[in-house]
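Trainee: Have a look at this fold, sequence not included:
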């Protein structure tokens, strides 16, 4: 069993930055792909980005590429989502998830992720 807890959400203005964190407890964290997803009001949950088990590779949705950066600290069982140049359309509940398949590739499919956090709200508004 793995528990994931997101933090760092809040209300910011367009153009601002925000850093989300996701702490993991339970089974070994360092062997698994971590993903970030988001659900905007009235929309389906969508892939934001992911990072491989050792942080060597990342993948991002086109909508956030160049603005968002994912990193991880395996010693602290934590993954981060650095969000810059935020736009109102980035408003959503953000979720982290773990793909519990050791050393797997980054998947954009929600069904490939086994454990999810409860989400943290990010609101971008002037």
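Mentor: Structure received. No experiment lies behind these values; they were computed from the predicted model shown.
Trainee: what sits against the closest residue to residue 39 other than its chain neighbours?
Mentor: Excluding the flanking residues, the one nearest residue 39 by CB to CB, 6 or more residues apart in numbering is residue 45, at 4.1 Å. Yep, even glycine has a C-beta here, placed from its N, CA and C like the rest. Applying CB atoms under 8 Å, 6 or more residues apart in numbering to residue 45 gives the contacts 37, 38, 39, 95, 110.
Trainee: Can you flag the buried ones in these?
Mentor: The neighbour count (16 or more other CB atoms under 10 Å) marks 37, 38, 95 as buried among the contacts of residue 45.
Trainee: quick one: which of those residues is nearest residue 28?
Mentor: residue 95 (20.8 Å; CB to CB).
Trainee: Pull up the pairing partners for the helix or strand containing that closest one, direction included.
Mentor: Counting by DSSP states H and E, the element that carries residue 95 is strand 92-99. Here strand 92-99 is paired, per DSSP bridges, with strand 33-39 (antiparallel), strand 115-116 (antiparallel), strand 120-124 (antiparallel).
Trainee: contacting residues around the residue nearest the centre of the chain?
Mentor: Residue closest to the average C-alpha location in the chain (CA atoms, centre = their mean): residue 36, at 2.3 Å. Counting by CB under 8 Å, 6+ apart, residue 36 touches 20, 22, 47-50, 70, 79, 81, 94-97.
Trainee: how much space between residue 20 and residue 104?
Mentor: 22 Å (CB to CB, to the nearest Å).
Trainee: more neighbours, those two?
Mentor: residue 20 (24 against 14; other CB atoms under 10 Å).
Trainee: With that, I have no additional questions.
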